[in-house]
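Novice: sequence plus the predicted model coming up.
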Amino acid sequence: MIRKHIYYSGRVQGVGFRYTTARIAANYFVDGFVRNMMDGRVEIVVEGEKSDVQAFLNAVAGEMNDYIRDTQIIDEPDADKFTGFDIRF
C-alpha cells in the first residue's frame, strides 16, 4: 500500500474538481480525501495499492486536465488511516 499527497494548481476551484475527484475515486480501491485550500489549490491525499492510486490519479488528471496548470506529488509513509474517500470542507 502507498500514500500520496497531491497539490493541483490552476483554475481548480469552482469547476467541480472535488466532486469529480470523489466520483472518480468511487471507481478505484482508494481511500483518502480531497479539499480546496485557502491559497486556491486543491489538495488530495490518497492511499491504496500502487496500481489503483496511479490509475486514480491518471483518471483525475485526464478528466480535469483543462483546469490543471501544475501538479505537485509527494510520496508519504503508508499511514493506512483512511476509510473511504471523502470531500473535506
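Specialist: Right, received. Where do you want to start?
Novice: this structure: helices as residue ranges?
Specialist: Assigned by DSSP state H, the chain shows helices spanning 17-25, 50-64.
Novice: need the strands for this protein, in chain order.
Specialist: Taking DSSP state E to define them, one finds strands in the chain at 2-10, 30-36, 42-48, 68-76, 85-88.
Novice: with distance to Val60 added, can I get these in TSV?
Specialist: Quick note: C-beta positions are derived from backbone N, CA and C, even for glycine. Converted to TSV, these look like this (distance: least, CB to CB, whole Å):
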stretch	distance to Val60
strand 2-10	8
strand 30-36	9
strand 42-48	7
strand 68-76	9
strand 85-88	11
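Novice: coming back round to it: if we compare the helices of the chain, which one ends up closest to Asp31?
Specialist: helix 17-25 (8.4 Å; CB to CB).
Novice: what angle do that closest one and strand 2-10 make?
Specialist: Inter-element angle recorded for helix 17-25 and strand 2-10: 140 degrees (by axes from the mean of the first three to the mean of the last three CA atoms, to 10 degrees).
Novice: from the contact counts, what lies against helix 17-25?
Specialist: Packing partners of helix 17-25 (3 or more CB pairs under 8 Å, 6 or more residues apart in numbering; DSSP states H and E): strand 30-36, strand 42-48, helix 50-64, strand 85-88.
Novice: at 6 Å instead, please
Specialist: helix 50-64, strand 85-88 (3 or more CB pairs under 6 Å, 6 or more residues apart in numbering; DSSP states H and E).
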